[in-house]
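**Student:** Dropping the sequence and predicted coords here.
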Amino acid sequence: MFSGCDCNFNPIKVIKVAAKKGKVHKCLACRSVRSIGSIVWRFLLGGDAVTSVLTTSLYQQLASELKIEQKEVKENKVGWGSKANETKAWELFQILLHSFRKYGAILFPDNISPEDPFFEPRNREYYFKKQSSEYNIYSWLPTRKGILNSRLDFLQRLSEKGLDNKLSRKECLDILRQIWDSGLNIDSESSMFNDYFSTIHSQNLGQMYRLKLDYWQLKPAIVDSSIDWFYCPTCNRITLHNVKGTCPTYQCSGRLEKCSPEKLYKNNHYRNLYLDKLPVKMKSKEHTAQLTTEAAADIQSQFNDGDVNVLSCSTTFELGVDVGELESVFMRNVPPTPANYIQRAGRAGRRTDSTAFSLTFARRRSHDLTYFQNPLDIISGNIEPPHFKIKNDKIIRRHIYAAALANFWRKSPEYFGTVEDFFFSNGIDKFYRYLKEKPIELKIILEKIMPDASEINLDNWKWINKLIGENEGYLYHA
């Protein structure tokens, strides 16, 4: 910070965060912890994260609140007593039971498998137990002494800031245990929650529990003015559940404030898009150099006919491809040079009666950010005439390898056709023996295509090591 200066400059406060092996696991704002991976991965330079936007708010209910209020709540010795009325008790249960939904401990409908690839990477069944350290079985209570989970963390923060008398960690842990044993009491036929849970018994793991979907409701709560919403200025999240102003976000120290989502998100770009714009039907296809000529032509025809209206293309698409009435191009990064930019942007608006629109997304990389600050440099910068350096050893080697394979397959056609024909029928060994014999006809072919100034020596045949050598050969490692 600066002192003794009247320039009115306001420096930006920078906080150094603790990192483990270069990854930040705890958020300084809401105190959320991510055990796997870094919480700031989307801000890393060059991150290619898929954009994902939550657009509207839905809330879940386990059962009718009226039904729960009709149930008498007995005071526990170590409990909330008169500090929490029945409505707040219901709010507390919803916050704690939110863990079942958050971690996927839900009984799937009969016609839907939790192992379906649609649910990747969490496409498996999850359960809850009172105490467990098993894989894909979550523990209601902390698994080890001194360890927090989201439920115990909430009870502790609630007792610290929401109650008259602060409770110890042990007392909060006892309450969490009593909520499972007496409040939920899932295994008892007299429990009000008995119908809401699915129980499965494992010989090795005992009783495991999941919530049934039958008692969950999805409501467009954000358009219902009778519903109260609350906002946490610390973690910037909104919630329907408010128990003594304690934010339900894990380890967040913020206090909830009543809010109006309409006012809070009045200028939110994505919310306005979803409310004011009709969705556009999109059917996309991939267009890359890996496609056969016939497949690529078929996709282009579908695009020209309107059956496909979005093409996801590699950089090869920038050269000499005319897709007719293409109107817009989206570039997922800033092209390397102005020439590349003009080629890619030039795919659109090639008809005299159409208008082109080109949008470029600048990633958090030095190259992209440089042109983001100076866009005219990429749009109207200097363009070098196209040229090709034939004395490029990488290209020369590729031609040599291609010629060697072509000559081998001409002599041994039984190894040509498929990967299986070549790699799984001793084709590699046969090819290696062929090259070790140093065939004179192959050398003559290579001498014709070899530039004079190339550093590759054809006479000693050492070039075959990088192609098929045991330690460094490309085909050996294929």
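**Tutor:** That came in fine, so what should we check first? Residues are numbered from 1 along each chain as shown.

**Student:** Look at the closest residue to Arg151 other than its chain neighbours and say how many residues are nearby.
**Tutor:** Distances taken as C-beta to C-beta, 6 or more residues apart in numbering place Leu96 nearest to Arg151, at 5.1 Å, with adjacent residues excluded. In this view, the C-beta of every residue, glycine as well, is placed from N, C-alpha and C. Here the number of neighbours of Leu96 (other C-beta atoms under 10 Å) works out to 21.

**Student:** Can you name the residues that contact Leu96?
**Tutor:** By C-beta atoms under 8 Å, 6 or more residues apart in numbering, the residues touching Leu96 are Arg151, Phe154, Leu176, Ile179.

**Student:** Out of these, grab the one that's most surrounded.
**Tutor:** Of the contacts of Leu96, with other C-beta under 10 Å as the count, Phe154 tops at 25 neighbours.

**Student:** Tell me the secondary structure at it.
**Tutor:** helix (DSSP: H, G, I helix; E, B strand; the rest coil).

**Student:** Surely Glu441 touches Asn407?
**Tutor:** Yes: with contact defined as C-beta atoms under 8 Å, Glu441 and Asn407 form a contacting pair (7.0 Å).

**Student:** Tell me which of the two has more neighbours.
**Tutor:** Each of Glu441 and Asn407 has its neighbours counted (other C-beta under 10 Å); Asn407 has more, 17 against 10.

**Student:** separation between Ser425 and Leu442?
**Tutor:** Distance, Ser425 to Leu442, by C-beta to C-beta, to the nearest Å: 22 Å.

**Student:** For those two, indicate the residue with more neighbours.
**Tutor:** Neighbours per residue (other C-beta under 10 Å) separate Ser425 from Leu442, with Leu442 holding more: 21 against 13.

**Student:** looking at this, that one is in a helix?
**Tutor:** Yes: membership of Leu442 in a helix is supported by three-state DSSP.

**Student:** now it: how far from Lys448?
**Tutor:** The gap separating Leu442 from Lys448 is 11 Å, by C-beta to C-beta.

**Student:** swap in Ile299?
**Tutor:** The gap separating Ile299 from Lys448 is 37 Å, by C-beta to C-beta.

**Student:** One more: Lys258?
**Tutor:** On the measure of C-beta to C-beta, Lys258 and Lys448 end up 82 Å apart.

**Student:** just Ile106 next, same as before
**Tutor:** 68 Å.

**Student:** Who has more neighbours out of these two?
**Tutor:** A count of neighbours by other C-beta under 10 Å puts Ile106 above the other of Ile106 and Lys448, at 17 against 8.

**Student:** Which strand residues bridge the more buried one?
**Tutor:** Leu211 (DSSP bridges).

**Student:** isn't it right up against Tyr209?
**Tutor:** No: Ile106 is beyond contact range of Tyr209, at 10.8 Å (criterion: C-beta under 8 Å).

**Student:** between the two, what contacts are shared?
**Tutor:** By C-beta under 8 Å, 6+ apart, no residue touches both Ile106 and Tyr209.

**Student:** Where do the helices of the stretch 101-250 of the chain begin and end?
**Tutor:** Along the stretch 101-250 of the chain, the stretches classed as helices by DSSP state H, counting those that start in this stretch are 150-161, 169-178.

**Student:** List the buried residues of the shortest one.
**Tutor:** Of the residues in helix 169-178, those with enough neighbours to count as buried (16 or more other C-beta atoms under 10 Å) are Glu171, Cys172, Leu173, Asp174, Ile175, Leu176, Arg177, Gln178.

**Student:** swap in the longest one?
**Tutor:** For helix 150-161, a neighbour-count test (16+ other C-beta under 10 Å) marks Ser150, Arg151, Leu152, Asp153, Phe154, Leu155, Gln156, Arg157, Leu158, Ser159 as buried.

**Student:** can you put the residues you listed in JSON lines and add pLDDT?
**Tutor:** Converted to JSON lines, those look like this (pLDDT from 0 to 100):
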{"residue": "Ser150", "pLDDT": "92"}
{"residue": "Arg151", "pLDDT": "93"}
{"residue": "Leu152", "pLDDT": "93"}
{"residue": "Asp153", "pLDDT": "93"}
{"residue": "Phe154", "pLDDT": "93"}
{"residue": "Leu155", "pLDDT": "93"}
{"residue": "Gln156", "pLDDT": "93"}
{"residue": "Arg157", "pLDDT": "93"}
{"residue": "Leu158", "pLDDT": "91"}
{"residue": "Ser159", "pLDDT": "89"}
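
**Student:** so which pair among those is furthest apart in space?
**Tutor:** Ser150 and Ser159 (15.3 Å; C-beta to C-beta).

**Student:** Hmm, Tyr196 is touching Trp216, no?
**Tutor:** No: applying C-beta under 8 Å, one finds Tyr196 not in contact with Trp216, separated by 9.4 Å.

**Student:** quick one, which of those two is more surrounded?
**Tutor:** It is Tyr196, of Tyr196 and Trp216, that has more neighbours when counted by other C-beta under 10 Å, with 19 against 16.

**Student:** Not including adjacent chain positions, what is the nearest residue to the more buried one?
**Tutor:** Tyr215 (5.2 Å).

**Student:** pLDDT at the residue lying closest to Met208 once chain neighbours are set aside, what is it?
**Tutor:** Closest residue in space to Met208, ignoring its immediate chain neighbours: Tyr127 at 3.7 Å, by C-beta to C-beta, 6+ apart. In this model, Tyr127 is scored at 92, pLDDT.

**Student:** Can you report how many residues lie near Tyr127?
**Tutor:** Residues near Tyr127, counting by other C-beta under 10 Å, number 23.

**Student:** got it, and Lys436?
**Tutor:** So Lys436, with other C-beta under 10 Å, has 11 neighbours.

**Student:** who are the neighbours in contact with it?
**Tutor:** Contacts of Lys436 (C-beta under 8 Å, 6+ apart): Ile464.

**Student:** And it, how far from Leu467?
**Tutor:** 12 Å.

**Student:** Which residues belonging to the helix ranked longest in the chain are considered buried?
**Tutor:** Ranked by number of residues, the top helix in the chain under DSSP state H is helix 393-411. Buried residues in helix 393-411, defined by neighbour count with 16+ other C-beta under 10 Å: Ile396, Arg397, Ile400, Tyr401, Ala403, Ala404, Leu405, Asn407, Phe408, Trp409.

**Student:** do stretch 334-354 as well
**Tutor:** 334-335, 338-345, 347-349.

**Student:** any chance of the residues you listed in a markdown table, plus distance to Lys20, pLDDT and secondary structure?
**Tutor:** What follows is those, written out as a markdown table (distance: C-beta to C-beta, whole Å; pLDDT from 0 to 100; DSSP: H, G, I helix; E, B strand; the rest coil):
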| residue | distance to Lys20 | pLDDT | secondary structure |
| --- | --- | --- | --- |
| Val334 | 33 | 94 | coil |
| Pro335 | 37 | 92 | coil |
| Pro338 | 42 | 91 | helix |
| Ala339 | 44 | 88 | helix |
| Asn340 | 39 | 88 | helix |
| Tyr341 | 40 | 90 | helix |
| Ile342 | 45 | 86 | helix |
| Gln343 | 44 | 84 | helix |
| Arg344 | 40 | 86 | helix |
| Ala345 | 43 | 85 | helix |
| Arg347 | 45 | 78 | coil |
| Ala348 | 46 | 79 | coil |
| Gly349 | 50 | 74 | coil |
